[in-house]
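**Student:** Need coordinates for the below:
(one chain, ligands or ions: 1)
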Amino acid sequence: MLKATYRRLKKSIWTTALRAYVSTKNSYQPLGEDKAASGGRPTEAFQSRWRHVKSEIESCGAQNLVDIGCAQGWFVRNACIQCNLFSIGLDIERSSLRLGSAYAELQGEKGYGFVAGAFTPTTIERLPTFDIVVCFSLVHHIIKEEGRMGGLEYLKACRKITKKRFLFDIGGPEELSHWWVSKLDFLKGDLEANLHDYLAEAGFTDIRKIGESLAHEDKIMRPLFACSP
Ligand SMILES: C[S@@+](CC[C@H](N)C(=O)[O-])C[C@H]1O[C@@H](n2cnc3c(N)ncnc32)[C@H](O)[C@@H]1O
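**Tutor:** Numbers count the residues shown, from 1 in each chain. So this is what the prediction gives:
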């Protein structure tokens, strides 16, 4: 009797702490329907991209998904909860994953999860293959550090672990508020055509622009691509 009361009390303290944690933390991505995105990109940028991801999942009959640079796991969670995929999210920021995990626990959700790590071409190539590989708004961070060729190596590694579809977007050369925007000069001009060629150079085929979504404060649209390995 005393033990059961203690267990209930512990659970209630833990849930209260989780709730306080989730409600006070800023989140780059929305958390389910409960919390709007607060990292500069509007919630619609996530919702619209999810609609495209879902449509690709359905059209290729995907069973599993990995999201590289998943932040709080918006796409990972949606793929599992809405489409019943086994889905996993990878990110360098443990605090982002902690928030996604805390939200999953509060919702009582299982079937998706997260791994923290600085994912490089070498570590990506060690992963198993996934029907869907998502890599959104990450490769410009790689290019920022490693240049055009570093970004290309990253895309090649992503291709190696893609079974059916690779879904991709990237910050563009017109997003002038980023100090490092000049690193993206090689994409200047016809952005869609240049991204198409970049993906083709990494070995992807059947490259299609499937949509676009708002970037950060610049109010610029980022094209969204789907391609085959
Ligand atoms: C701009 S956010 C985009 C988040 C998400 N993909 C989206 O589009 O909503 C970039 C994310 O990539 C993560 N990231 C950056 N470098 C990474 C790396 N080498 N390995 C894994 N994650 C990385 C960051 O922590 C951040 O969550």
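**Student:** Okay, and the beta partners of I68?
**Tutor:** Beta-bridge pairing for I68 (DSSP bridges): L90.
**Student:** I figured it hits V133, correct?
**Tutor:** Yes: in terms of C-beta atoms under 8 Å, I68 counts as a neighbour of V133; the distance is 7.0 Å. Placement of C-beta: from N, CA and C, glycine included.
**Student:** anything in contact with each of those two?
**Tutor:** Common neighbours of I68 and V133 (criterion: C-beta atoms under 8 Å, 6 or more residues apart in numbering): C158.
**Student:** Would you mind listing the buried residues in the helix or strand hosting S23?
**Tutor:** Using DSSP states H and E, S23 sits in helix 2-24. Across helix 2-24, burial judged by 16 or more other C-beta atoms under 10 Å covers V22.
**Student:** which other residues reach that helix?
**Tutor:** By C-beta under 8 Å, 6+ apart, the residues outside helix 2-24 that reach it are 31, 34-35, 99, 102-103, 105-106.
**Student:** Swap in 10 Å and give it another go.
**Tutor:** 31, 34-35, 72, 98-103, 105-107 (C-beta atoms under 10 Å, 6 or more residues apart in numbering).
**Student:** any idea how far that helix is from the chain center?
**Tutor:** Distance of helix 2-24 from its chain centroid, counting by C-alpha atoms, centre = their mean, to the nearest Å, is 30 Å.
**Student:** mean confidence score for it?
**Tutor:** Averaged across helix 2-24, the pLDDT comes to 91.
**Student:** Give the next helix or strand downstream of it.
**Tutor:** Following helix 2-24 in sequence order, the next helix or strand is helix 43-60 (DSSP H and E).
**Student:** Which strands or helices does that following helix pack on?
**Tutor:** strand 64-68, helix 74-83, strand 130-136, strand 162-169, strand 205-214, strand 221-228 (3 or more C-beta pairs under 10 Å, 6 or more residues apart in numbering; DSSP states H and E).
**Student:** Which residues of the chain lie near the ligand?
**Tutor:** Residues of the chain lying near the ligand by C-beta under 6 Å from any ligand atom: 29, 69-71, 90-93, 96, 118-119, 136-138, 141.
**Student:** Out of the residues you listed, which end up buried?
**Tutor:** 29, 69-71, 90-91, 96, 119, 136-138, 141.
**Student:** Just list the residues touching T120, thanks.
**Tutor:** T120 neighbours (C-beta under 10 Å, 6+ apart): 126, 142, 146, 150, 153-154, 157.
**Student:** Stretch 190-206: how far from the chain's middle?
**Tutor:** Relative to its chain's centre, stretch 190-206 lies at 20 Å (C-alpha atoms, centre = their mean).
**Student:** in stretch 197-208, what's buried?
**Tutor:** Burial within stretch 197-208, assessed by neighbour count using 16+ other C-beta under 10 Å, is assigned to 198-199, 202, 204, 207.
**Student:** For stretch 75-89, list every residue counted as buried.
**Tutor:** Result for stretch 75-89 [16+ other C-beta under 10 Å]: buried residues 75-81, 83, 85-89.
**Student:** from those, which is closest to the ligand?
**Tutor:** Taking C-beta to the nearest ligand atom as the measure, F75 is the one of these closest to the ligand, at 7.2 Å.
**Student:** Nearest residue to that closest one in space, please, no chain neighbours.
**Tutor:** Nearest non-adjacent residue to F75, counting by C-beta to C-beta, 6 or more residues apart in numbering: D67, 5.0 Å away.
**Student:** what separates that neighbour from I210, distance-wise?
**Tutor:** Distance of D67 to I210, computed by C-beta to C-beta, to the nearest Å: 16 Å.
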